[in-house]
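>>> Mind looking at a prediction? Sequence and model below.
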Amino acid sequence: MSTLKEIQGRNIESVSSDPASAEGGDIWYNSTSQTLKGVVAGAAFSSGAPLSIGRFSSAGAGTQTAALIAGGGAPAKDVTEEYNGSGWSTGGALNQARYYIGGAGTQTSALAMSGRNPAAGWALTNTEKYDGSAWTNSTASPTALNQVTTTGTQTAALLWGGVPAPSPGAPVATTFEFDGSSWTTGGVLPAGVKVAGAFGTQTAAMSAGNETGSTLFYDGSSWSDQSATVPYSGADYWNYAGTSGTQTAGILMGGGPSAVTTTAKWDGSTWSSNPAMATARNNGAMGPIGTSTAGLVAGGAPAITATEEYNFSTSVTTAAAWASSGALNNTRNFNAGAGTQTAGAIFGAPSTNGTTPSPVGSIESYNGSGWTNGPNMVTKRTRLGGLGTQTAALGFGGYSNPPNIPTTTATEEYDGSSWTAGGVLNTARNAVTGAGTQTAGLAFGGGTNTESYNGTAWTAVNALNTTRSYAARAGTQTAALASGSHPGSVAVESWDGTNWTAVNSLISGRGLGAGSGLQTAALVFGGEPATSATESFDGTNWSTAPSLGTARYGLSGDGTSSLAFAAGGSSPHVLTEEFTGETTAVNVKTFTTS
């Protein structure tokens, strides 16, 4: 028997602690735990950011880090969303809204084929091409069909099976090939199929599942039965399944007739069981997305937004997520936030309606797990703006009490132990927000006014282009971001230290949300009407991010785009959640004899 020395040219190293970095095939002996360890590859699903619109039976195309979902139901949708490996952003709309639609190609060169829209027809011939920004109509397919199975590229696509009439119409056995401009008839299937699992190319395709669970190969001219039945019993478990891979290596995910979490792996000749998904689904994206080692499945019936990534890798991925943490000591809504996820603060008079501050205008400090009460502000207020850190915060503007004065110019500085008066705003206002530090701050909104703070005094600078109240903030005094506005705007503006400029809009309109991060790496979360939706900004585009555990508005928060906190807001007013971005780590296993 060969030794490790003979195979890898080295012996097993003895170490007192696991190495900080390692790669697949590395093996070592940990003398402290007296265990043999190594890096191994493993298969697992992890949650991805949700679609912005729930849907089923949409067209799918692309890869795990550059995917596309188009159309879907019900009712029939024309919306396209693009995935960048972290979140979904809005793409160009289909010309014909539809579901049970087939997809093929890549994110920037996709094809959408056939489908159903009861208003336009139970079975359609529509074919559309996507160039990464817009869909254009192309040559119609020869037969009106829905519930088709599709694979390939924009210039070499394959479409087979489907149903030409309202359900439960009998599936057909026809195959059609598309060369980018015209359709021709291909080989006939052994039997009719509908929405089977699709893999491969126009000349090396696979049809998996359907009512018999069969596995069929297409060689560019004819179909052959591989005498390999997809595992898991059930009449048509693998209809409506998500797929990733090719004719020689693929993954089936979910299926019908009832939604399931089961998945199966194909190695070119044999099917085997595979790890389950977290979310049961059928009618996901129709058209393969990704590979057998890096796949993606999104959406499903009845109209879910859940996205999951599949990886077979020597790394373990921990998906980005919000998690509950320690509750506030006071009910809070319409307050200000500052600091980081492990050293945060919320301040202002507790209020549940934004116009009636309580007699207490306290600050609460957060250590990453719980909150501690601090001293009252000199001027009790709600609907105020805030910025800075836990030990160097700035609070300004807002509603003051007593008496209930609609707006105030008062500014206060916090040093970690007490509040003192700072320079007054030039314009009294509430529903204001801010960015930056205690000695280099920016106040904006509550109108169009923008003011800059130098640690002593406020100076009026160029105004916002759009009137904003309760906008979400991110950034610094010279590079800020103002996102959304009451009662639900999608408009976003970027500040360069001199002027505000309109940039790409939010996916979903909101005001009374919170924000964190920088101008080029920001989060926006929560908002009205009470939502859990979170969006991520990369300096150019917005994409979906994992949702808050509890929908709410009027919340406060701060931190970075990968480590943020959210606290208070509409009921429950004491809830705290922490956001942690996606992380990866080497998959280290302890070897045993069992």
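The structure has been received and is ready for your questions. Residues are numbered from 1 along each chain as shown.

>>> What sits closest to residue 429 if chain neighbours are left out?
residue 446 (3.4 Å; Cβ to Cβ, 6 or more residues apart in numbering). C-beta here means a position set from N, CA and C on the backbone, and glycine is covered the same way.

>>> can you list the domains in this structure?
Domain ranges of the chain: 4-39, 44-313, 322-580, per automatic domain parsing.

>>> Quick one: end-to-end length of the second one, please.
Domain 44-313 has an end-to-end distance of 9 Å (criterion: Cα to Cα, to the nearest Å).

>>> how about the strands of the stretch 151-300 of the chain, start to end?
Using DSSP state E, counting those that start in this stretch, the strands of the stretch 151-300 of the chain run over 157-160, 175-178, 183-185, 197-200, 205-209, 214-218, 223-225, 242-245, 250-253, 263-266, 271-274, 294-298.

>>> Using a markdown table, lay out the ones you listed together with distance to residue 54 and mean pLDDT.
As requested, these are exported to a markdown table (distance: least, Cβ to Cβ, whole Å; pLDDT from 0 to 100):
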| stretch | distance to residue 54 | mean pLDDT |
| --- | --- | --- |
| strand 157-160 | 26 | 98 |
| strand 175-178 | 30 | 98 |
| strand 183-185 | 32 | 98 |
| strand 197-200 | 22 | 94 |
| strand 205-209 | 24 | 92 |
| strand 214-218 | 31 | 94 |
| strand 223-225 | 35 | 96 |
| strand 242-245 | 15 | 94 |
| strand 250-253 | 18 | 93 |
| strand 263-266 | 21 | 93 |
| strand 271-274 | 25 | 91 |
| strand 294-298 | 10 | 96 |
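
>>> Now render those as JSON lines, adding distance to residue 86 and mean neighbour count.
Output for the strands of the stretch 151-300 of the chain, formatted as JSON lines (distance: least, Cβ to Cβ, whole Å; neighbours: other Cβ atoms under 10 Å):
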{"stretch": "strand 157-160", "distance to residue 86": "28", "mean neighbour count": "28"}
{"stretch": "strand 175-178", "distance to residue 86": "32", "mean neighbour count": "22"}
{"stretch": "strand 183-185", "distance to residue 86": "37", "mean neighbour count": "14"}
{"stretch": "strand 197-200", "distance to residue 86": "26", "mean neighbour count": "28"}
{"stretch": "strand 205-209", "distance to residue 86": "29", "mean neighbour count": "27"}
{"stretch": "strand 214-218", "distance to residue 86": "34", "mean neighbour count": "22"}
{"stretch": "strand 223-225", "distance to residue 86": "39", "mean neighbour count": "15"}
{"stretch": "strand 242-245", "distance to residue 86": "18", "mean neighbour count": "29"}
{"stretch": "strand 250-253", "distance to residue 86": "20", "mean neighbour count": "28"}
{"stretch": "strand 263-266", "distance to residue 86": "23", "mean neighbour count": "24"}
{"stretch": "strand 271-274", "distance to residue 86": "24", "mean neighbour count": "15"}
{"stretch": "strand 294-298", "distance to residue 86": "12", "mean neighbour count": "26"}
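
>>> any chance of these in CSV, with distance to residue 32 too?
Output for the strands of the stretch 151-300 of the chain, formatted as CSV (distance: least, Cβ to Cβ, whole Å):
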stretch, distance to residue 32
strand 157-160, 56
strand 175-178, 61
strand 183-185, 66
strand 197-200, 46
strand 205-209, 48
strand 214-218, 49
strand 223-225, 56
strand 242-245, 40
strand 250-253, 38
strand 263-266, 37
strand 271-274, 35
strand 294-298, 35
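
>>> which stretch among those strands comes nearest residue 417?
strand 294-298 (49.5 Å; Cβ to Cβ).

>>> Point out where the stretch 51-200 of the chain drops to low pLDDT.
167-168 (pLDDT under 70).

>>> circling back: pretty sure the residue nearest to residue 429 sits against residue 430.
Yes: Residue 446 is in contact with residue 430 according to Cβ atoms under 8 Å; the separation is 5.6 Å.

>>> got any residues that touch both of these two?
397, 407 (Cβ atoms under 8 Å, 6 or more residues apart in numbering).

>>> can you give me the strands for the stretch 451-594 of the chain?
Going by DSSP E, counting those that start in this stretch, the stretch 451-594 of the chain shows strands at 458-461, 472-475, 480-483, 492-495, 500-503, 514-518, 521-525, 534-537, 542-545, 556-559, 563-567, 576-580, 583-586, 588-591.
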